[in-house]
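Engineer: Pasting the sequence and the predicted model now:
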Amino acid sequence: MPLLESRFRPPWYLRNCHVQTILPVLAAGGSGSEFRSERLELPDGDFLDLDWMESGHERLAILCSGLEGNSRDPGMFRLARSFKAAGWDVLSWNYRGCSGVLNRLVRSYHSGATEDLAAVVAHAGGRPLALVGCSIGGNLVLKFLGEASPPANILAAAAVSAPVDLASTARALDRRPGNRIYLRRLIASLRTKIRAKSAAMPGRIALEGLEGLHGFEHFDDRYTAPTHGFLSAEDYWQKCSARQFLPAIDVPALLLSAKDDPFLTPESFPFSEAGDNPRFSLEVPERGGHLGFLDTRGSWIGKRVPAFLSRFVP
């Protein structure tokens, strides 16, 4: 089942990729009352904040958000609710520094930090589970599955709008005029965190030149790469891009990305890998934007992704 024909057909008024990308973000976010929150202490002295949505089901979906996202974001909250309605317990975890509380270390999170995902999976126990990643969370999930043998209780996975070639996505965000609204918002959020962390850790994080960084190539070169042990932005992108790990994936995994996704370039549509690995499936609707996939009934991925995973995690 390598290349899947997609049935997603949005109505005419939802065909624009930017409409698909922006509308889901404008909805109301999640309520803390629907989650059970937990803090997971990590061996390096840092922590991850976890949000559980439980109904007593045996199977579990672990959700990984996009860049600067968290479990309370509208899209992630709707996805958690969709899994709950489909008969799953849900664990939606927040990357370091993304739960509204600064993490304790100079390091933060990045698109390939699979050690944190491994800690979450181990904490979840041995129940049957599936991994679900949105945007960079999808890159994280696919890299995790392919870089080493995952725990045996991971039975399937899905990635949505995943930039499996990080370099090309960074450059698409930096250089495509239509992406300026997204770029400004994301870089502004990252700069805010850098300033807050520098204030909390005097002398450990330099702010010189921060306000002049307006793109991911410079931001990742200045902060993401050296903070996390990479030589440069190029070194970080090359080592953490999931595409190189797809041939080794050995559980049923779906990559669902729209052809009109404004963040993605042809490098993030791995047709050849889907043709060569029978466990890895690729679905490429003509439309859907980035983490959009809205139709007349709401979020189509809230139906499609649980349906795919339920075939392998009964």
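Structural biologist: Looks like it came in fine.
Engineer: Report the buried residues of whichever strand or helix holds residue 83.
Structural biologist: Taking DSSP states H and E as the criterion, residue 83 maps to helix 74-85. Buried residues in helix 74-85, counted by 16 or more other Cβ atoms under 10 Å: 74-84. Glycine gets a C-beta too; all of them are placed from N, C-alpha and C.
Engineer: So what's the gap between it and the chain middle?
Structural biologist: Distance of helix 74-85 from the chain centroid (Cα atoms, centre = their mean, to the nearest Å) equals 14 Å.
Engineer: That helix - what's its average pLDDT?
Structural biologist: Average pLDDT, helix 74-85: 96.
Engineer: repeat for stretch 91-100
Structural biologist: Rounded mean pLDDT across stretch 91-100 is 97.
Engineer: Spell out the secondary structure type for residue 116.
Structural biologist: helix (DSSP: H, G, I helix; E, B strand; the rest coil).
Engineer: ok, residue 43 - how many residues close by?
Structural biologist: 7 (other Cβ atoms under 10 Å).
Engineer: and it, what is it in contact with?
Structural biologist: residue 119 (Cβ atoms under 8 Å, 6 or more residues apart in numbering).
Engineer: In terms of helices and strands, where is it?
Structural biologist: Short version, using DSSP H and E: residue 43 is in no helix or strand.
Engineer: how many other residues sit next to residue 284?
Structural biologist: So residue 284, with other Cβ under 10 Å, has 20 neighbours.
Engineer: That one: what's it in contact with?
Structural biologist: Going by Cβ under 8 Å, 6+ apart, residue 284 touches 6, 256-259, 269.
Engineer: Tell me the helix or strand right after the helix holding residue 83.
Structural biologist: With DSSP H and E, the next secondary element past helix 74-85 is strand 89-94.
Engineer: Parallel or antiparallel, which strands does that following strand pair with?
Structural biologist: Each strand paired with strand 89-94, and its direction, by DSSP bridges: strand 47-53 (antiparallel), strand 60-64 (parallel).
Engineer: mind listing what's buried in the longest one?
Structural biologist: By neighbour count, with 16+ other Cβ under 10 Å as the criterion, the buried positions of strand 47-53 are 47-53.
Engineer: where's residue 106, which helix or strand?
Structural biologist: Per DSSP H and E, there is no helix or strand for residue 106.
Engineer: mind checking how far it is from residue 163?
Structural biologist: Distance from residue 106 to residue 163, counting by Cβ to Cβ, to the nearest Å: 25 Å.
Engineer: neighbour-wise, which of the two wins?
Structural biologist: Taking other Cβ under 10 Å, residue 106 and residue 163 do not tie; residue 163 has more neighbours (31 against 12).
Engineer: what's near enough to touch that one?
Structural biologist: Per Cβ under 8 Å, 6+ apart, neighbours of residue 163: 111, 135-136, 138-139, 169, 241, 263-264, 268.
Engineer: if we go to 10 Å?
Structural biologist: Residue 163 sits next to 66-67, 111, 135-136, 138-139, 169-170, 172-173, 237, 241-243, 257, 261, 263-265, 267-268, 290 when contact means Cβ atoms under 10 Å, 6 or more residues apart in numbering.
Engineer: Just the pLDDT for residue 32.
Structural biologist: At residue 32, pLDDT is 68.
Engineer: I misspoke; the intended subject was residue 29.
Structural biologist: Residue 29 is given a pLDDT of 67.
Engineer: circling back to that earlier point, can you lay out the buried residues of strand 47-53 as TSV showing pLDDT and distance to residue 215?
Structural biologist: Output for the buried residues of strand 47-53, formatted as TSV (pLDDT from 0 to 100; distance: Cβ to Cβ, whole Å):
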residue	pLDDT	distance to residue 215
47	98	30
48	98	28
49	98	29
50	98	32
51	97	31
52	97	37
53	97	36
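Engineer: And those residues, which is closest to residue 189?
Structural biologist: Residue 189 has its nearest neighbour among those in residue 49, at 17.3 Å by Cβ to Cβ.
Engineer: residues near the nearest residue to that closest one once chain neighbours are set aside, how many?
Structural biologist: Sequence neighbours aside, residue 99 is the residue nearest to residue 49 in space, at 3.6 Å (criterion: Cβ to Cβ, 6 or more residues apart in numbering). Close neighbours of residue 99, defined as other Cβ under 10 Å, add up to 20.
Engineer: going forward, begin numbering at 42 instead of 1
Structural biologist: Got it, first residue is 42 now, which makes that one residue 140.
Engineer: Okay, and residue 140 sits in which element?
Structural biologist: Counting by DSSP H and E, residue 140 is part of no helix or strand.
Engineer: Can you verify my assumption that it contacts residue 92?
Structural biologist: Yes - between residue 140 and residue 92 there is a contact at 8.4 Å, judged by Cβ atoms under 10 Å.
Engineer: Between the two, which contacts overlap?
Structural biologist: Common neighbours of residue 140 and residue 92 (Cβ under 10 Å, 6+ apart) are 78, 111-113, 134.
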